[in-house]
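S.K.: Following is a predicted model, sequence given first.
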Amino acid sequence: MNRLSPAHDILPRERFDWGEVRGMAVPLKAPQRPATWVADLSPLTRVLVKGGDAAGWLAARGLPVPEDWFVCRDLAELGDDVFMARTGSGEFLLHDGPGGALAERLGPLPEGLENGTRVLARDDQEVALGGEHAAMLMAEFCALDLSTTGDALLYTRVAGVGVWLRVEAGPVYRMGCEPSYGEFLFETLMHGVREMQGEVIGFSDFYTIREDPK
Amino acid sequence: MARRLPPQPGEWIDREHTVRFTFEGREYPAFAGDTISSALLANGVRVLGRSFKYHRPRGVFSAANHDTNVLFQSETDFNIRGDVTAVEDGMKLAAVNTAGGVKRDRGRIMDSLSPMLPVGFYYKTFHRPRALFPFWEKRIRSMAGLGRVDTAWNGGRVPKRHAFCDLLVVGAGPSGLSAAVAAAEAGVNVWLVDENARPGGSFNDQEANLQRDELLHRAHELHNLTILTDTVAAGWYADHYIPLVTPEALIRLRARAVIVAAGVYEQPAVFRNNDLPGVMLGNAARRLVHRYGVAPCESTVILAGNSDAYRSALELQAAGVAIRALLDLEDPGTRADLFADVQAADIPVYGRCAVHSAEGNGILEAVTVCELDGEGRAKPDTARRIDCDGLLMSVGYAPAAALLYQSGAGMTFAGTPGQFVPESLPPGVFACGRVNGVFGLQARLDDGLAAAGEALAYLGRSGVQHARPGRGRERMSHPWPVFPHPKGKVFVDLDEDLQLKDLERAAAEGFDNIELLKRYSTVGMGPSQGKHANMNAVRILARLTGRTIDRTGTTTARPFHHPVPVGHLAGRRLRPERRTAMHGWHKAHGAVFMPAGHWLRPKYYGPGPEEEAIRAEVLAVREGVAMVDVSTLGKVEVIGPDAARFMDQLYTLKLSTVKIGRTRYALMVDEAGVIIDDGVCARWADDHFYVTTTTTGAEIIFRHMQRLIGEWQLNVDVINRTHQMASMNIAGPLTREVLQPLTDLDLSQEAFPYLGARQALVAGVPAWLFRVGFVGELGYEIHVPSAQARHVWVSLMAAGEAYGIRPFGVEAQRQLRLEKAHLIVGQDTDGTSSPFDANMNWAVKFDKPFFQGKRSLEILKERASNRLLGFRLPGNHPGPVPEECHLVIHDGDIAGRVTSIGYSPSLDAWVGLAMVDRALEDADTLSIRAAGAVMVDAPVVPTPFYDPEGLRQKLETAHEPVAREASA
């Protein structure tokens, strides 16, 4: 266990059950389920595939090659919360779920270029924001109209930080930013949630809510 | 509550709930829903505030959010608007801008001094004699401003939120409601906003009828119609970006289309003492009656310039107010049925009469009325007095058209209805109702429907088709409601006590353009932003200059057109901050942080005095082993078949010849040959490079690279790894002893020579290692995935404990690099520095077909006008030591500047760099003007200052602590 979430130093500890997910220590369960919540999902695996033959690299691993840009494509056959999106002519963002099926499918990532393709794990700060006041908070932190995004993967700013953003049913706002902004972003969202009498929830809590939104 | 009327239909107060509040030490009852002003008036308190300049007593005037002389201070807030702020149980209020309370305000002496304070008095008086200006400035400042700011205040920030809609309707009066409901029923997403506490606008106090309830019922049934009350649409920006100021938030609304149905501001007449408490706008009186059940006065005179005055007379009489007289500025016969109704109600009507002056000692007691001559001037010989405690003015309106002006609408003055109306509107902006010059109730409802239809068509939707009703035949605004008086006190702008004579004098002095008049006289520059003054000022200036109203024009209506609390503008503090993966460790180990762009970097590690800590860190690098967090460096992977060519074209050195597993310094210039960045380039494969950039250049250089790839049409990609890769530089003679146990990489000189690049595991983490002379010692720069970086850092620190390892911060890093004369781009260079200015001729290779800036550098090679020279002073230099930016002087002229300087504990000397004129390149000494204008002669010395042969970083003298050089 040698990985740390960018938000590691500010994650709540008291009365939270902590555990390890993919070599990273995170809060798994919160003492209670608040009406508005924010979760640190940084342990999940995210991979950037970039280069002239990025599509070929994906196809060789039995993965689809989406035609549309910036549209999230769920890979339910690989498990819950696995999705990918094309983010350029030779660029794809892959997102693994808690089961790690995508990582298993990809195997060890190449150290260098492979047929002109670079495959890189991304140590993003990944955050999920949801619950009763999540939409109102996002209206404060993000300048985009997030009510009509559909399956889009957005590159935008939240609290002034560049993020990728996906809006899921609920709405639940899934976003990731470069790790150097991670602590600031999580801290800002955490303060916002707490102003709404909400709280941080654990990694496992998030998937429990995902299964049972009520 | 002596002036409380019996319950009124549709009133806004809740008579079941009584609240109690205190005004200037006395407790009063009120009903929930009362405003502060209505509550005080209900209790018979008529003097509610004092004016800004002359401290004259003031009372209710508009009751429409523009009573800027009726502002209150509470225990928690200031400049509370009494005419719209709901009174709360337990409130403790006092009037602002008084000395000793509203009744005994000692500032009232200013009123008697007013003849000595004509317009422009301040400009003309206080600048001479010059020496006295600070004295006057202090006094004027102490008198200016309203309210008492709590300087300990640090809260009150309200959120700023973004919102979106298809159609924004501004104003929830009859036309706005009609438009909003029709548009929403057609299926578009509509926001309807109104500054009042309830929707309905004039429905609530002028035209209460069943249509309001029916429209509101339909509105509340619509899920796609959002109604915000207490909300001011405070400005219009491009693409229909409208700030909505609500009590809870500032909403940044983006609408696809906007309908402005903001109505009109009722305008006062201009006559002597028109500011006395008891003198108010006709619609203010109607609001008091209908919304709050308060009688504005016991007996009143009404000044009529339009038919609304007649309606007011009938309504107030019905509410129990005695109407002493209705003075019509025109022939009452033109009022048709309303004249008959008023006569039937036994209200005395006087045609072609006006108020010549209001009378009373601090409060209205009577009015002097005069007949008008054929030119509309008062005939003093016809004057007679009518006792009353109320005087209502219904003489005209001005459109609430700030949003229209800001959107670029063309406005023109229309004789009927007697106001500015929209002549042309920009795409997506529509107007309806009174702001559009349409006054009849049914006409306004129809105008709203028509506007909705036009907006829907603009949005590509159908649903409403309705013709515009036309603007009617009645002139609703009298063209000249201005009645001069030889004794003065004829106010045009109550905000700042501006009188008719002030405008006359300003125009006579040459300020006869409306914008100049505004700035010189301050008309319209008070808290109400001229909502009740500008139209009369325009009329007065037009008459003084003999121009038409259209030709005279209006002043610019800038956003925000209504005062906004600072807390709304501040919003939540959102200043992104970047922290490295090791930030928590640094914090736990006493780091004192400094900003570097968005980053927070350890400046040095405490405790202890800063200078001592930095020196100890420097010595640790020179004599033992230390480590610095350099994660902030920009990091870019360059991949693709054209990667080598791209690197050659991007940088001045030849990088295509860098061998795999090796590094080389990389210097970048722009097209003008000016240094813009530098770093280290490593090569992993023929088609795979990794290059670092400066911290501040990271994002800019990456974008620059992306742009050049497109321009040069190369088959290459760049990947920004700045954030994903953390990096640390471990350096010092003992580095190898610390690092070797944590990696299976052979660190020997043979296996991993100077300027080598390797990939290996460090503390079990995949890492890229570069053996570079970052700080002039044996050192390794280690780049690892961000999530595992702290593990590697902590492991190295643990491994180095036996060797006395310590972290070092930015200040020590700078000093160490300065000793090696490694320049800092942007500090030792500026926006004109070429490599030749910086003595970096060696870093430019012209034997490449092309590189960015080559043509410029070919020219600059012979023309560089500066030189970067090193200088040195003994560690015990007496007197002031030069600082960065101190000037180099030669023959009495500026010949350069110090760019970097610092004390080198390794050398026990002050060493520095100075960018000087090329003429000084062979100078032995630089003459530097230090603090206190003390000239310091600094001997020029060769650079690098420390280990000039670079033997230590190349490991040719490893493990031999350097001998300190003697002081020069």
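M.R.: Thanks, I have it. Residues are numbered from 1 along each chain as shown, chains lettered A, B, ... in the order given.
S.K.: what pLDDT does B:D495 get?
M.R.: If you check B:D495, the pLDDT there is 93.
S.K.: center of chain B - which residue?
M.R.: Nearest to the geometric centre of chain B sits B:L569, at 6.4 Å (Cα atoms, centre = their mean).
S.K.: my guess is that residue contacts B:L250, does it?
M.R.: Yes - counting by Cβ atoms under 8 Å, B:L569 touches B:L250, with 7.2 Å between them. To be clear about C-beta, it is placed using only N, CA and C from the backbone, and glycine gets the same treatment.
S.K.: sorry, back to before: using the three-state scheme, assign the residue nearest to the centre of chain B.
M.R.: With DSSP: H, G, I helix; E, B strand; the rest coil as the basis, B:L569 sits in helix.
S.K.: Give me the pLDDT for it.
M.R.: Taking B:L569 on its own, its pLDDT is 88.
S.K.: That one: what's it in contact with?
M.R.: B:L250 (Cβ atoms under 8 Å, 6 or more residues apart in numbering or on different chains).
S.K.: Could you measure from it over to B:I251?
M.R.: 13 Å (Cβ to Cβ, to the nearest Å).
S.K.: just B:A467 next, same as before
M.R.: Counting by Cβ to Cβ - B:A467 and B:I251 are separated by 34 Å.
S.K.: and these two? which has more neighbours close in?
M.R.: Comparing B:A467 with B:I251 by other Cβ atoms under 10 Å in any protein chain shown, the one with more neighbours is B:I251, at 23 against 10.
S.K.: Would you tell me whether the strand or helix carrying the more buried one gets close to chain A?
M.R.: In the assignment (DSSP states H and E), B:I251 maps to strand B:250-260. Yes - using Cβ under 8 Å from any Cβ of the partner chain, strand B:250-260 reaches chain A at B:R252, B:R254.
S.K.: For that strand, name the packing helices and strands.
M.R.: If you count contacts as 3 or more Cβ pairs under 8 Å, 6 or more residues apart in numbering or on different chains; DSSP states H and E, strand B:250-260 packs onto strand B:160-170, helix B:174-185, strand B:241-245, helix B:402-407, strand B:429-431, helix B:441-458.
S.K.: Give me the pLDDT for the residue minimising distance to the centre of chain A.
M.R.: What sits nearest the mean C-alpha location of chain A, by Cα atoms, centre = their mean, is A:E126, with 4.1 Å. Model confidence at A:E126, expressed as pLDDT, equals 98.
S.K.: who's in contact with B:L71?
M.R.: B:G49, B:F78, B:N79, B:I80, B:R81, B:G82, B:A95, B:V96, B:N97, B:L146, B:G147, B:P527.
S.K.: Verify the contact between the last one and B:T68 for me.
M.R.: Yes - A contact is recorded between B:P527 and B:T68 when judged using Cβ under 8 Å, the distance being 4.0 Å.
S.K.: Which neighbours do those two have in common?
M.R.: Counting by Cβ under 8 Å, 6+ apart, the contacts common to B:P527 and B:T68 are B:D495.
S.K.: neighbour-wise, which of these two wins?
M.R.: B:T68 (27 against 18).
S.K.: burial count for the closest residue to chain B within chain A?
M.R.: Residue nearest to chain B within chain A (Cβ to the nearest Cβ): A:E178, separated by 3.2 Å. The tally of other residues near A:E178 (other Cβ under 10 Å) stands at 21.
S.K.: do the same with A:D68
M.R.: There are 11 residues near A:D68, going by other Cβ under 10 Å.
S.K.: ok, now A:A169?
M.R.: 8.
S.K.: Which of the contacts of B:L71 fall within helices?
M.R.: Judged by DSSP state H, helices contain none of the contacts of B:L71.
S.K.: out of those residues, which is most surrounded?
M.R.: Ranking the contacts of B:L71 using other Cβ under 10 Å puts B:G49 first, with 28 neighbours.
S.K.: for that one, which residues make a bridge with it?
M.R.: Residues in a beta bridge with B:G49, per DSSP bridges, are B:R58.
S.K.: looking at it, it is touching B:A95, isn't it?
M.R.: Yes - checked against Cβ under 8 Å, the pair B:G49 and B:A95 is within contact range at 4.6 Å.
S.K.: what is in contact with these two at once?
M.R.: B:V70, B:L71, B:F72, B:V102.
S.K.: Which stretches in chain A count as strands?
M.R.: Per DSSP state E, chain A carries strands over the ranges A:17-21, A:24-29, A:36-40, A:46-51, A:73-74, A:83-88, A:91-95, A:117-121, A:125-131, A:154-158, A:161-168, A:172-177, A:199-201.
S.K.: The ones you listed: which one's closest to B:P417?
M.R.: Closest to B:P417 of the strands of chain A is strand A:154-158 (Cβ to Cβ; 47.2 Å).
S.K.: picking that back up, just the contacts of B:L71: which are in strands?
M.R.: When the contacts of B:L71 are checked against strands (DSSP E), the matches are B:G49, B:I80, B:R81, B:A95.
S.K.: possible to save the residues you listed as a markdown table with pLDDT?
M.R.: Below are the ones in strands among the contacts of B:L71 laid out as a markdown table (pLDDT from 0 to 100):
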| residue | pLDDT |
| --- | --- |
| B:G49 | 96 |
| B:I80 | 93 |
| B:R81 | 94 |
| B:A95 | 95 |
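S.K.: Return the member of those nearest to B:G912.
M.R.: Nearest to B:G912 among these, with distances taken as Cβ to Cβ, is B:I80, at 58.5 Å.
S.K.: What residues are bridge-paired with that closest one?
M.R.: Counting by DSSP bridges, B:I80 is bridged to B:F72.
S.K.: Domain map for chain A?
M.R.: Domain segmentation of chain A under automatic domain parsing yields A:8-42+A:123-211, A:46-121.
S.K.: List the buried residues for stretch B:219-229?
M.R.: Within stretch B:219-229, the residues scored as buried using 16 or more other Cβ atoms under 10 Å in any protein chain shown are B:A219, B:L222, B:N224, B:L225, B:T226, B:I227, B:L228, B:T229.
S.K.: The second one against B:E185, yeah?
M.R.: Yes - with contacts defined as Cβ under 8 Å, B:L222 counts as touching B:E185 at a distance of 6.7 Å.
S.K.: Distance from stretch B:358-377 to the middle of the chain?
M.R.: Relative to its parent chain, stretch B:358-377 has a centroid offset of 45 Å by Cα atoms, centre = their mean, to the nearest Å.
S.K.: cool, and stretch B:526-538?
M.R.: 24 Å.
S.K.: Would you work out how far apart the start and end of that stretch are?
M.R.: Criterion Cα to Cα, to the nearest Å; first-to-last residue distance in stretch B:526-538 is 16 Å.
S.K.: Stretch B:476-495 too?
M.R.: Stretch B:476-495 end-to-end distance (Cα to Cα) = 25 Å.
S.K.: what does stretch B:230-237 give?
M.R.: 21 Å.
S.K.: swap in stretch A:187-203?
M.R.: 16 Å.
S.K.: Tell me which residues of that stretch come out buried.
M.R.: Neighbour counts over stretch A:187-203 (16+ other Cβ under 10 Å) mark A:187-190, A:192-193, A:196, A:198-203 as buried.
S.K.: Turn those residues into CSV, columns for pLDDT and distance to B:P174.
M.R.: Converted to CSV, the buried residues of stretch A:187-203 look like this (pLDDT from 0 to 100; distance: Cβ to Cβ, whole Å):
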residue, pLDDT, distance to B:P174
A:E187, 96, 49
A:T188, 96, 44
A:L189, 97, 44
A:M190, 97, 47
A:G192, 95, 40
A:V193, 97, 42
A:M196, 93, 38
A:G198, 97, 42
A:E199, 96, 47
A:V200, 97, 50
A:I201, 97, 49
A:G202, 97, 55
A:F203, 97, 56
